[in-house]
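J.: Here is the input, now give the coordinates:
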Amino acid sequence: MRIATALFLLLSVSVANAQTPGSCELGTAQGDLSVSNVFARVFNTGSLFYGNTTTSGDGYVVPKFSGTSPMFAAGLWIGGTVDGDLRVAGSRYAGFTFWPGPLGEGAALPDPDDCSAYDRIYVVSQADVARYEGGEEPSADLAAWPVGLGAPAVTASGAP
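T.: Modelled structure (predicted):
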């Protein structure tokens, strides 16, 4: 019982101290991963595998096309320390923590007009990078990859 109470208090404090998105619109981009006999839907709000009731009720299906979904939804949780203080952000069913767009100077919230430009999910494969390294034109998503904003850049072999 003590652990449950401590966890509740910790999560309550984390939510109470979280920044609000200002006037940025909640992200709407979603992408479907279809690899290794798994179908998984991801969103740029930090939600993972949540089903879209207009097209399919399951956001994570394994084996692919079986209609078997071992989970209804999940969320991205990130934690770390800044100057010794614990910082945690996590996505739940609503009240999203993650918003599209880069943070401004000093972790300021993004400009509302800036958010919509980043409301997307990039789809880049190892093969896209290999073709580009081989002299071909980059795919549209690889060309738009926001490496200047801190997105990781790696070679086709996975080296940074």
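J.: From now on I want contacts and neighbour counts done on CA atoms only, so please keep to that.
T.: OK.
J.: what's stretch 39-50 in contact with?
T.: Here stretch 39-50 makes contact (CA atoms under 8 Å, 6 or more residues apart in numbering) with 26-34, 51, 58-65, 71-77, 90-93, 96-100, 119-121.
J.: Which of the residues you listed fall within strands?
T.: Of the positions in the contacts of stretch 39-50, 30-34, 60-61, 74-75, 77, 90 sit in strands, assigned by DSSP state E.
J.: Give the buried subset of these as a PyMOL selection command.
T.: In PyMOL syntax, the buried subset of the ones in strands among the contacts of stretch 39-50 is picked out as below (16 or more other CA atoms under 10 Å):
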select buried, resi 30+60+61+74+75+90
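J.: Which pair in the ones in strands among the contacts of stretch 39-50 has the greatest spatial separation?
T.: The distance between the two most remote of those (CA to CA) is 24.5 Å, for Ser34 and Gly90.
J.: Would you agree Gln126 is in contact with Ala156?
T.: Yes - contact criterion CA atoms under 8 Å: Gln126 and Ala156 qualify, at 5.4 Å.
J.: The two: which is more packed in?
T.: Between Gln126 and Ala156, Ala156 has the larger neighbour count (other CA atoms under 10 Å), namely 17 against 13.
J.: ok, how many other residues are close to Ile78?
T.: Counted with other CA under 10 Å, Ile78 comes out at 11.
J.: Ok, Gly134 next?
T.: For Gly134, the neighbour count with other CA under 10 Å is 10.
J.: Just name the shakiest helix or strand of this structure by mean pLDDT.
T.: The weakest-scoring helix or strand in the chain, judged by mean pLDDT, DSSP states H and E, is helix 2-16 (a mean of 42).
J.: Could you tell me how far the residue nearest to Leu149 when sequence neighbours are not counted is located from Gly84?
T.: Leaving aside its sequence neighbours, Leu149 sits nearest to Pro102 (CA to CA, 6 or more residues apart in numbering; 7.0 Å). Note on Pro102: its distance to Gly84, by CA to CA, to the nearest Å, is 24 Å.
J.: Pick out whichever of the two has more residues nearby.
T.: When Pro102 and Gly84 are compared for neighbours, Pro102 comes out ahead with 17 against 7, by other CA under 10 Å.
J.: returning to that earlier point: buried only: go through the contacts of stretch 39-50 for me.
T.: 26-27, 30, 51, 58-61, 64, 73-75, 90-92, 96-100, 119-121.
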